[in-house]
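Trainee: Need a 3D model of the sequence below.
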Amino acid sequence: MSLRPGSTIGIIGGGQLGRMMAMAAARIGYRCHIFDPHESPCAAEVSGAFTRAAFDDREALRRFGEQCDVVTYEFENVPVAPLDVLDGKIRPGTRSLEIAQDRAVEKHFIERTGANVAPWREVNEVGDVRTALEQLGSPILLKTRRLGYDGKGQAWVHRAEEAEAAWETINSQPAVAEARMTFEAEFSVVLARTADGETCAFPLTRNEHHGGILRESIVPAGAPVSDLEPDAIEMARAIADALDHVGVLTVEFFACSGRAVVNEIAPRVHNSGHWTIEGARTSQFEQHLRAILGLPLGDPGLVASGATMENLIGRDVDGWAELVAEPGAALHLYNKGEARPGRKMGHVTRLR
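Mentor: A predicted model of the protein is given here:
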């Protein structure tokens, strides 16, 4: 059943993804209600309502849910158990959250769908770091099982003597150890899935990271990524189907010697899909809304020959005046306050 314009969409999380989702919702006639523990989340200023409460506040979540016709989320690191008070209104479902919140669980799950993943091991103590180094070869990348993102909660290990320091770097948290992949490119599949199982993928996006943070996304992705498109989309579709996911799902890949290898998944709209706002006939944000509202999926095709999205990180945002004056540059500022190092403050998209 489709929800009519005028319905209220609840968004758990008030960051820039929620902000852009709320802006897309307003354009097609829907109202958004933000749920976030911060005093002034940037998504709240473009939404019709805002509830300030902790993500694990069941009573606040219950009242929030009563005011919404459907509920979604803009990031995956929210407690799952309290969401049961939302009375089945949440899309994507909590299974997508549970899988994506734990890297070891996620990797086991992806392997069961038949998709390729990099060689890896579970790490629960410092001795496991040394064992993983022996089994996977040098170097290995430690990643905390939970909460790490944009390069946080990670440490490289090249020799057994570094195990202790690396373990301390990730605060002795349960982790996964991944073999270093030799790859020609990093890319992502941003795919939408409806409750009926219909799927629709955007053109593959090539991604450039610096310091573990996405710096630039480019479409079309070009070789060698373009050669991997059928396999990558099929893997992303298999993952979405296995999750019974409703909404946008992002799967990040390595292009490795003619193979698409899954790096990780995000059960939501994604930074690498921001180019779609100007560069696609339907943005990733509207596509996500269409899926969770029961509307037909939109056309994901390019409106030009290509697009490049550049993140504005930290003090990059100080160049806003030049960017807003640049012909053909579509500037997005998130109004997040302090421009701390590594903080995503906005982005700019250029069509070509």
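
Trainee: how close does the residue lying closest to Ser2 once chain neighbours are set aside get to Gly93?
Mentor: Among residues not flanking Ser2 along the chain, Gly294 sits closest, at 3.9 Å (CB to CB, 6 or more residues apart in numbering). Using the backbone N, CA and C atoms, a C-beta is placed for each residue, glycine as well. From Gly294 across to Gly93, the span is 15 Å (CB to CB, to the nearest Å).

Trainee: For burial, what's the neighbour tally of the nearest residue to Ala307 once chain neighbours are set aside?
Mentor: Distance criterion CB to CB, 6+ apart; nearest residue to Ala307, sequence neighbours excluded, is Gly279 at 3.4 Å. Using other CB atoms under 10 Å, Gly279 has 27 other residues around it.

Trainee: surely Gly279 meets Thr349?
Mentor: Yes - using CB atoms under 8 Å, Gly279 is in contact with Thr349, at 6.3 Å.

Trainee: Report the set of residues contacting both of these two.
Mentor: With contacts defined as CB atoms under 8 Å, 6 or more residues apart in numbering, the residues adjacent to both Gly279 and Thr349 are Ala307, Met309.

Trainee: thinking again about what came up before, let me see the contact set for the residue nearest to Ser2.
Mentor: Per CB under 8 Å, 6+ apart, neighbours of Gly294: Met1, Ser2, Leu3, Thr194, Ala195.

Trainee: would CSV of those residues with secondary structure and pLDDT be doable?
Mentor: Converted to CSV, those look like this (DSSP: H, G, I helix; E, B strand; the rest coil; pLDDT from 0 to 100):
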residue, secondary structure, pLDDT
Met1, coil, 80
Ser2, coil, 95
Leu3, coil, 98
Thr194, coil, 98
Ala195, coil, 97
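
Trainee: Got a PyMOL select line for the buried ones in those?
Mentor: Here is the PyMOL command that picks out the buried ones among the contacts of Gly294, judged by 16 or more other CB atoms under 10 Å:
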select buried, resi 3+194
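
Trainee: ok, then the element right after the longest helix that the chain contains?
Mentor: Ordering each helix of the chain by length in residues (DSSP state H) puts helix 229-243 first. Per DSSP states H and E, the first helix or strand lying C-terminal to helix 229-243 is strand 247-256.

Trainee: mean confidence for that next one?
Mentor: For strand 247-256, the mean pLDDT works out to 97.

Trainee: Run a quick neighbour tally on Arg259.
Mentor: Neighbours around Arg259, by other CB under 10 Å: 13.

Trainee: residues contacting it?
Mentor: So Arg259 contacts Asn116, Leu228, Asp231 (CB under 8 Å, 6+ apart).

Trainee: let's go with 6 Å and repeat that
Mentor: For Arg259, the contact set (CB atoms under 6 Å, 6 or more residues apart in numbering) comprises Asn116.
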